[in-house]
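Visitor: Just a sequence and a predicted model for now, questions to come.
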Amino acid sequence: MRKARYMDRSASGWLNGLIGVVIFSGSLPATRVAVMQFDPVFLTVARAAIAGALALLLLLFFAEKRPARRDVFSLVVVAAGVVVGFPLLTALALQHMTSAHSVVFVGLLPLATAVFGVIRGGERPKPAFWLFAVMGSAFVCSFALAQGLSAAPVGDALMMAAIIVCGLGYAEGAKLSRTLGGWQVISWALVLSLPVMILASIWFMPASFSHINAPALGGLVYVSLFSMLIGFVFWYRGLAQGGIASVGQLQLLQPFLGLTLAATLLHETVTWTMFAVTAAVIACVAAARKFAR
């Protein structure tokens, strides 16, 4: 009976995690489109302010209790990592690189999440897990580098910093989701940062929106509602149910989903090798899951 409950919880975690990854896969292409018209700092604070206002309404509607004092530090870490850190650093980085180049670094995000899952979440995957996790990341990075991608060093440094703070934010939020709930964690993190984000949005708001085109506005709406809030509802719940290190490997699929969207929205080329590498990555994800616990 216990094993059956574990299997059901694990399967539910992977399903929720997959939904979250599909939603997140549109983040970098949408950000790339948005920063063509919006200042990166304004984009960061505006998306957090919009998502934070919606999160506040949800918390009030469902009459959620305030987090315990012991949870405040973890919420600050989540806010610093995924509400401010990752969005700002990637927006700045995408001024120096294409969305396709960024997949080199997104391919390292599952490893970063797994490492912080060990440090902050207390998880202890088997040694074989790390082998397949590294192999999956290597497949993603090798594929991206094989495309002949290049960017300014400052863009690479910003993306690397973004991956580190995002991995920490993912692991910290997943740990907290075990007791607080998935959508509650991201909602409270957004609300915690909401006053600062509103003031910053007013400060960095462009003098006029007349020059902002529809794609840029669409990018802002997507990263505000889906990347900043809805995706995390599924993602944190999935990590809490199925394990941070295990479900975190689903992020290896995100670059390929993102490249597909980039090809559609930004007219970047998609080749058959992308699908071959995707198959190899899926195999690594499946193997990593087997040895995650």
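Guide: Nice, thanks for sending it over.
Visitor: Below-threshold pLDDT in the stretch 151-293 of the chain: ranges please.
Guide: 151-152, 259, 262, 265-272, 274-275, 278-279, 282, 286, 289-293 (pLDDT under 70).
Visitor: max-length helix in this structure?
Guide: helix 153-180 (DSSP state H).
Visitor: Give the next helix or strand downstream of it.
Guide: Where DSSP states H and E defines the elements, the next helix or strand beyond helix 153-180 is helix 182-204.
Visitor: Whichever helix or strand comes after that following helix: which residues count as buried?
Guide: Next in sequence after helix 182-204, counting helices and strands by DSSP H and E, comes helix 214-222. Using 16 or more other C-beta atoms under 10 Å as the test for burial, helix 214-222 gives 216, 219, 220, 222. C-beta: built from backbone N, CA, C; applies to glycine.
Visitor: Just the CA trace of helix 214-222, in PDB.
Guide: Extracted in PDB, the C-alpha atoms of helix 214-222 (Å, rounded to 0.1, in the frame of the first residue of the first chain):
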ATOM      1  CA  ALA A 214       2.100  43.800 -29.800                       C
ATOM      2  CA  PRO A 215       4.800  41.100 -29.700                       C
ATOM      3  CA  ALA A 216       6.700  42.900 -26.900                       C
ATOM      4  CA  LEU A 217       3.500  43.400 -24.900                       C
ATOM      5  CA  GLY A 218       2.600  39.700 -25.500                       C
ATOM      6  CA  GLY A 219       6.000  38.800 -24.100                       C
ATOM      7  CA  LEU A 220       5.500  40.900 -21.000                       C
ATOM      8  CA  VAL A 221       2.100  39.200 -20.400                       C
ATOM      9  CA  TYR A 222       3.500  35.700 -20.900                       C
END
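Visitor: chain center to that helix: distance?
Guide: Computed by C-alpha atoms, centre = their mean, to the nearest Å, the chain-centroid distance of helix 214-222 equals 18 Å.
Visitor: Who are the packing partners of it?
Guide: helix 27-34, helix 40-61 (3 or more C-beta pairs under 8 Å, 6 or more residues apart in numbering; DSSP states H and E).
Visitor: which parts of the last one are buried?
Guide: It stands for helix 40-61. If you call a residue buried by 16+ other C-beta under 10 Å, then helix 40-61 has these buried ones: 40, 42-52, 54-55, 58-59.
Visitor: Skipping its backbone neighbours, what lies nearest residue 198 in space?
Guide: Nearest non-adjacent residue to residue 198, counting by C-beta to C-beta, 6 or more residues apart in numbering: residue 49, 5.1 Å away.
Visitor: got it, and residue 81?
Guide: In space, residue 81 is closest to residue 169, 2.3 Å off (C-beta to C-beta, 6+ apart).
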